[in-house]
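A.B. asks: Structure, please.
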Amino acid sequence: MQERQARNLAIVRDLREGMRRTDVARKYGLAREIVSLISSMQSEDNPIRRKERDQAIVQDLQEGMKRTDVVRKYRLAWETISLIARMHRADMAIRRKERRQERDQAIVLDLQEGMKKTDAVQKYGLTWQYITRIAIEQGVGMARIRKERRQERDQAIVQDLREGMKEADAIQKYGLTWQRITQIAIEQGVDIVSIKKEHKQERDQTIAQDLQEGMTSEEAATKYRLTPAYIRNIAREHVLRRKRVSAQELEARDRAVMQDLKGGMSTKDAARKYERTQVHILTIARKHGVRRSEQNARGRQLRDLAIAQDLREGMSVKEVVTKYGLSKGSIYRISRKQGLGPRRRGRPPNSAPADPS
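C.D. replies: Prediction:
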């Protein structure tokens with residue numbers, strides 16, 4: 001007995017001096033687990049403290065602490081931790097069973113609340129077959145759960161459709177095809193065609209109201225994500241007429257249109273400004289004796305005069321090309337036509353040389 005105690009003390013002394021456990025085990029002809037056990041028993045002289053430590057280790061293991069964390073916390077070898085755990089194996093088995101029951105109850109609760117299959121598998125790290133078996137053991141029918149969840153989903157789909165959800169939004173939200181969504185609506189006693197028709201009528205009435213309040217066709221098209229032509233069709237369907245104007249007002253408007261056209265404005269810009277079609281603008285121009293070719297010639301003439309003026313003021317050819325969207329050849333041709341000589345580097349065209357005095 002005394003020899004064993006002396007050996008144990010020598011083992012503890014070697015370990016404290018920094019000798020590795022494998023070297024100590026080889027030196028004294030013992031297993032590494034025995035050396036670890038001797039070290040732990042000799043380091044805790046008070047049996048009461050050692051009992052409290054063992055109970056704390058078992059408690060940590062029951063609560064799910066990892067092996068490396070237990071070894072680091074108590075500064076013991078894993079072999080010693082394993083020996084302590086085997087001594088309290090019954091308590092650990094009971095705790096594992098309790099933890100498994102708590103987990104199973106949580107799984108069933110999540111499934112009843114509508115958790116998806118993939119989410120349950122990812123949360124608990126189990127296969128779907130094992131989760132299904134747990135639900136059956138707990139007395140929960142998976143078929144009934146799936147049926148209830150499907151009914152809740154179908155009711156939500158019908159509610160969204162009645163509130164005006166678009167096809168693309170419903171497909172993206174529920175991950176179903178439009179054919180399947182239509183089938184669900186029919187099973188719920190809802191007519192998709194009538195719902196679409198009601199939504200379209202409400203939208204068209206809102207568009208007509210916006211147009212009556214002064215919104216242009218382009219603004220309405222941007223707001224409702226429709227084409228201006230479709231907006232005008234909606235206006236015609238709702239017998240939307242602009243307020244009547246007098247002959248004097250029409251004549252004043254036509255004069256303003258002609259003034260803008262003679263000033264170089266395109267028919268497209270004039271149609272956008274006066275909220276008319278290009279055909280209507282061209283009709284006004286022909287009515288006042290201006291044909292489209294004459295209008296284009298007048299616009300080009302004004303443009304050439306502006307280009308010549310910019311060149312005289314010292315603007316470079318590159319800047320003029322960027323401003324008017326023309327090629328360099330066109331700019332040179334216009335400058336010659338306007339009586340400007342070829343550009344020289346270092347001074348604007350037709351500018352007098354500096355006085356040397």
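A.B. asks: which outside residues touch stretch 112-128?
C.D. replies: By CB atoms under 8 Å, 6 or more residues apart in numbering, the residues outside stretch 112-128 that reach it are 103, 107, 110-111, 131, 134, 140, 145, 149, 152. Quick note: C-beta positions are derived from backbone N, CA and C, even for glycine.
A.B. asks: And it, end to end?
C.D. replies: The straight-line separation of the ends of stretch 112-128 (CA to CA, to the nearest Å) is 15 Å.
A.B. asks: buried residues in it?
C.D. replies: Neighbour counts using 16 or more other CB atoms under 10 Å place 115, 120-121, 124, 126 of stretch 112-128 among the buried residues.
A.B. asks: how distant is it from the center of its chain?
C.D. replies: 24 Å (CA atoms, centre = their mean, to the nearest Å).
A.B. asks: Give me the mean pLDDT for it.
C.D. replies: For stretch 112-128, mean pLDDT is 80.
A.B. asks: so what's residue 129 up against?
C.D. replies: No contacts exist for residue 129 under CB under 8 Å, 6+ apart.
A.B. asks: Domain parsing of this structure, as residue ranges.
C.D. replies: Residue ranges for the domains of the chain, per automatic domain parsing: 2-100, 141-189, 192-237, 247-337.
A.B. asks: I figured residue 104 hits residue 134, correct?
C.D. replies: Yes. The criterion here is CB atoms under 8 Å, and residue 104 meets it with residue 134 at 4.8 Å.
A.B. asks: any idea how far residue 158 is from residue 195?
C.D. replies: Distance of residue 158 to residue 195, computed by CB to CB, to the nearest Å: 9 Å.
A.B. asks: Overlap in contacts, the two.
C.D. replies: Here residue 158 and residue 195 have residue 185 as joint contacts, going by CB under 8 Å, 6+ apart.
A.B. asks: do you know how far residue 62 is from residue 315?
C.D. replies: 87 Å.
A.B. asks: With neighbour numbers in mind, choose between the two.
C.D. replies: Shown here are residue 62 and residue 315; by other CB atoms under 10 Å, residue 62 has more neighbours (18 against 15).
A.B. asks: what sits against the most centrally placed residue in the chain?
C.D. replies: For the chain, residue 172 is the residue whose C-alpha lies nearest the centre (CA atoms, centre = their mean; 12.5 Å). Counting by CB under 8 Å, 6+ apart, residue 172 touches no other residue.
A.B. asks: tell me which element it is part of?
C.D. replies: helix 167-174 (DSSP states H and E).
A.B. asks: Name the residues of that helix that are buried.
C.D. replies: 170, 174.
A.B. asks: how far out from the middle of the chain is it?
C.D. replies: The chain centre lies 15 Å from the centre of helix 167-174; the measure is CA atoms, centre = their mean.
A.B. asks: and that helix, average pLDDT?
C.D. replies: 81.
A.B. asks: continuing past it, what's the next helix or strand?
C.D. replies: helix 178-187.
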